[in-house]
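# heads up, no residue letters with this:
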């Protein structure tokens, strides 16, 4: 079954996401694809927030069947000469602008720049490549088209050059990679970096966690906890309230994790 | 056609809903299910608001085909030893944590606790059972699995112990069960409790309706009206404006309905 | 493949959209339709904003396959005697209340009023025709029903009587038809009205664009630009920021476009 996910910064109020989906379904149908299943990753990426989009795309993609096509459009450079990339990674296909949106899936991916302009749709303006270029390229893949036919390999995709988590002595030093709806502070620190038996504590912006737990429910009210989150990284949380609000912490804040003293 | 609905408090911005859907589609496919249709009930339940989620789940479910699987995850106790329930009611199946989320569908439902841990997915952390436990259980049902094989019957599911609407003399006494996007005050008072020919008025927080009507359009501007809402309960409304804002009324407020004096 | 789009002012938080979808799928299935694909246009139309809904519906519809059924419910007159329309335009079918929501698709459409009340569902109240009347009518069309059997032709559908863009000497005079999520000012002025070689500038509310460009990326930071938008109309934009916020401009504002002086 052809399956496509969509991630954009288009929001829920405008007609933009629907136009991408309509074009996907129309072109895939014209090309003889079987009925396509559409799944939204999110369209609430902040306008132009490529790094934020990259995080959500990489977090969601592993859940999907291996032959999924992931279409991602956070594209402030739309209409310029920035490239359109198609990447193959772990059996899945990613279609996105060449601006860092694929940062976290590029590891061992085979990446190509789309030069098949015959696939693009004639349309007014140069401001909506999601509809006019990305969607028909994704539809072509959903109909069984081979990435090799889309364009030449690329070995210099745009990278985000994010700071990497590191060890400093017995401390782990990273950052808040994401603040979720619940106000959890999701870090980029791999939980696997902790030694067995550690009872670590984390500090952010002068605040400090007071408990290392397995789940939110083990936290007493008002106690900031550290736990292993659903991406396998360390996460800071309150039970039933937003730690981000309590501490006034946002994405990008530095995080240090150390053995409890 | 396998059909699954999803209700969560995950919001639209995070990758969480997509990870649940990806897992559902992946596991259902692996188990040989026919292509699955996904429908969102809502993901805007306030974080941890089990009672709010229970309302929307019960309101939406009757519209769906009888063999629908309803997956509901508002789950502040994720990772603890709270049970995962599967309920059969009116031909539909409900998968949810045992915390009251199924309150309004438990009436004559057959309820089981899921003990088939072999269905759960290995994953980092214990904070995302929506992806790691609920989704694969729902996928198993979508592929034709029988609820009886998921675990033993349960006769003590967690209940919410909501106040029940009642009659006091010639008055009906209930509460605001929901404030919708339009600012309508949806009550828990069955419209069928009104006697034929009644021209009732409702009072909430010191305010009083001035008309009993069939639809919003019959209300003059600024006049608060009482009518029969789409769940068969009494509803208080303004035309073209939010009565909740006008009166400063929220969910849970006491409502009295009496014959007009 | 039966395909239906949905546009409403129901928002994402309430159970209303799900009830419409459940009913669509249930009734279409009962009538023997093949599995139906559902696509949301938007449900974030402001409550009762018929003109806003009409804009998004007309903008999204052309992207879809020609035999799509578009179901649109922004319906402050629900429960009154306002008609339910079915319109055929460019091979697509539109189902909507007769209140102007079809304004931009009525051009050469064949329009009928639905009088087949046998298709309507018995349900409590008269406030949710989306579920009880529009959905089963759309399901009937998805199952292959012919519009001709739904009711008599209508030649007086409700119109919105929006001001039309016009030429005044060498100037174009229109209005802001939509402010999108990015703060772009989408006008109703056809880009085709510009003469070749024009380097026009636009003014709104005492402010003036400083550049005529092809895409956002060509604009220097802080410079308001004019470009051809994705609907083929002129659009005013900032790069990476909201021009609507910067200038304090909202939908409906007058726009003048003139040759640069």
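That came through, no problem. None of the values given here were measured: they were computed from a predicted structure.
# drop to CA atoms for contacts and neighbour counts, all remaining ones
Fine.
# wait, does the helix or strand harbouring residue A:17 make contact with chain B?
Element membership of residue A:17, judged by DSSP states H and E, is helix A:16-30. No. Helix A:16-30 is not in contact with chain B by CA under 8 Å from any CA of the partner chain; minimum separation 13.9 Å.
# Please spell out which residues along that helix are buried.
The neighbour-count check on helix A:16-30 (16 or more other CA atoms under 10 Å in any protein chain shown) flags A:16-29 as buried.
# Show me the contact partners of it.
Contacts to helix A:16-30, defined as CA atoms under 8 Å, 6 or more residues apart in numbering or on different chains, come from residues A:8, A:10-11, A:34-36, A:38, A:43, A:130-131, A:135-136, A:138-140, A:142-143, C:39-42, C:59-65.
# change it to 6 Å
Outside helix A:16-30, the residues within contact range by CA atoms under 6 Å, 6 or more residues apart in numbering or on different chains are A:131, A:135, A:139, A:143, C:41, C:60, C:63, C:64, C:65.
# The helix or strand that it is followed by versus strand C:37-42: what angle between them?
For helix A:16-30, the following helix or strand on the C-terminal side (DSSP H and E) is strand A:37-42. Counting by axes from the mean of the first three to the mean of the last three CA atoms, to 10 degrees, strand A:37-42 lies at 30 degrees to strand C:37-42.
# Rounded mean pLDDT for strand A:37-42, please.
The pLDDT scores in strand A:37-42 average 98.
# what sits against the residue of the stretch 1-150 of chain A found nearest chain B?
Of all residues in the stretch 1-150 of chain A, the one sitting closest to chain B is residue A:64 (4.2 Å; CA to the nearest CA). Counting by CA under 6 Å, 6+ apart, residue A:64 touches B:22, B:23, B:26.
# And the second one, how close does it get to residue B:16?
Just to be clear, that refers to residue B:23. To residue B:16, residue B:23 is 11 Å away according to CA to CA, to the nearest Å.
# Between the contacts of residue A:64, which sits nearest chain C?
Using CA to the nearest CA, the contacts of residue A:64 come closest to chain C at residue B:22, 17.4 Å.
# What parts of the stretch 101-250 of chain A come near chain C?
With CA under 6 Å from any CA of the partner chain as the criterion, the stretch 101-250 of chain A meets chain C at residues A:124, A:125, A:127, A:128.
# ok, and the most crowded of the residues you listed?
With neighbours taken as other CA atoms under 10 Å in any protein chain shown, the top of those is residue A:127, carrying 24 neighbours.
# got the end-to-end distance for stretch A:73-81?
15 Å.
# touching chain C at all, it?
Yes. Residues of stretch A:73-81 contacting chain C under CA under 6 Å from any CA: A:77, A:79.
# all helices of chain A, in order?
Secondary structure of chain A (DSSP state H): helices at A:16-30, A:50-60, A:129, A:135-142, A:243-247.
# hmm, back to that, take the contacts of residue A:64 and write them to CSV, including pLDDT.
Compiled in CSV, these are given as follows (pLDDT from 0 to 100):
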residue, pLDDT
B:22, 98
B:23, 98
B:26, 98
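# For those residues, could you give me CSV that also reports distance to residue B:187?
As requested, the contacts of residue A:64 are exported to CSV (distance: CA to CA, whole Å):
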residue, distance to residue B:187
B:22, 37
B:23, 37
B:26, 40
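# Tell me how many other residues surround the residue lying closest to residue A:82 once chain neighbours are set aside.
Nearest in space to residue A:82, with sequence neighbours left out and distances taken as CA to CA, 6 or more residues apart in numbering or on different chains, is residue A:98 at 6.2 Å. Close neighbours of residue A:98, defined as other CA under 10 Å, add up to 21.
# Please apply the same query to residue A:81.
Count around residue A:81 with other CA under 10 Å applied: 9.
# go on, residue A:108?
10.
# per-residue confidence at the spatially closest residue to it that is not a sequence neighbour?
Excluding its sequence neighbours, the residue lying closest to residue A:108 (CA to CA, 6+ apart) is residue A:89, at 6.6 Å. Residue A:89 carries a pLDDT score of 95 in this model.
# distance of residue A:89 from residue B:30?
Relative to residue B:30, and taking CA to CA, residue A:89 is found at 20 Å.
# again with residue A:228
28 Å.
# Counting neighbours, what do you get for the residue in the stretch 151-261 of chain A that chain C sits nearest to?
Closest residue of the stretch 151-261 of chain A to chain C, CA to the nearest CA: residue A:181 (14.8 Å). By the criterion of other CA under 10 Å, residue A:181 has 18 neighbours.
# Ramachandran angles for it?
Main-chain torsions, residue A:181, degrees, to the nearest 10: phi -60, psi -30.
# so what strands line up beside the longest strand belonging to chain A?
Among the segments of chain A that qualify as a strand by DSSP state E, the longest is strand A:171-179. According to DSSP bridges, strand A:171-179 forms sheet pairs with strand A:166-168 (antiparallel), strand A:185-190 (antiparallel), strand A:254-259 (antiparallel).
# Out of the ones you listed, indicate the one that is most buried.
strand A:185-190 (a mean of 25; mean count of other CA atoms under 10 Å in any protein chain shown).
# and that strand, how far out from the chain's middle?
Here the centre of strand A:185-190 is set off from its chain's centre by 14 Å, with CA atoms, centre = their mean, to the nearest Å.
# what sits up against it?
So strand A:185-190 is contacted by A:174, A:175, A:176, A:177, A:178, A:179, A:233, A:234, A:235, A:236 (CA under 6 Å, 6+ apart).
# Could you save those residues as TSV and add columns showing pLDDT and distance to residue A:117?
As requested, those are exported to TSV (pLDDT from 0 to 100; distance: CA to CA, whole Å):
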residue	pLDDT	distance to residue A:117
A:174	98	42
A:175	98	40
A:176	98	40
A:177	98	36
A:178	98	36
A:179	98	39
A:233	98	41
A:234	97	44
A:235	98	44
A:236	98	47
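# Nearest to residue C:78, out of the residues you listed: which one, please.
residue A:179 (40.8 Å; CA to CA).
# and that closest one, what is it in contact with?
So residue A:179 contacts residue A:185 (CA under 6 Å, 6+ apart).
# residues from chain A in reach of chain B?
A:41-42, A:44, A:56, A:60, A:63-65, A:215, A:217, A:228-230, A:232.
# of all those, which two lie farthest apart?
Longest span within the residues of chain A next to chain B, CA to CA: A:65 and A:217, 31.5 Å.
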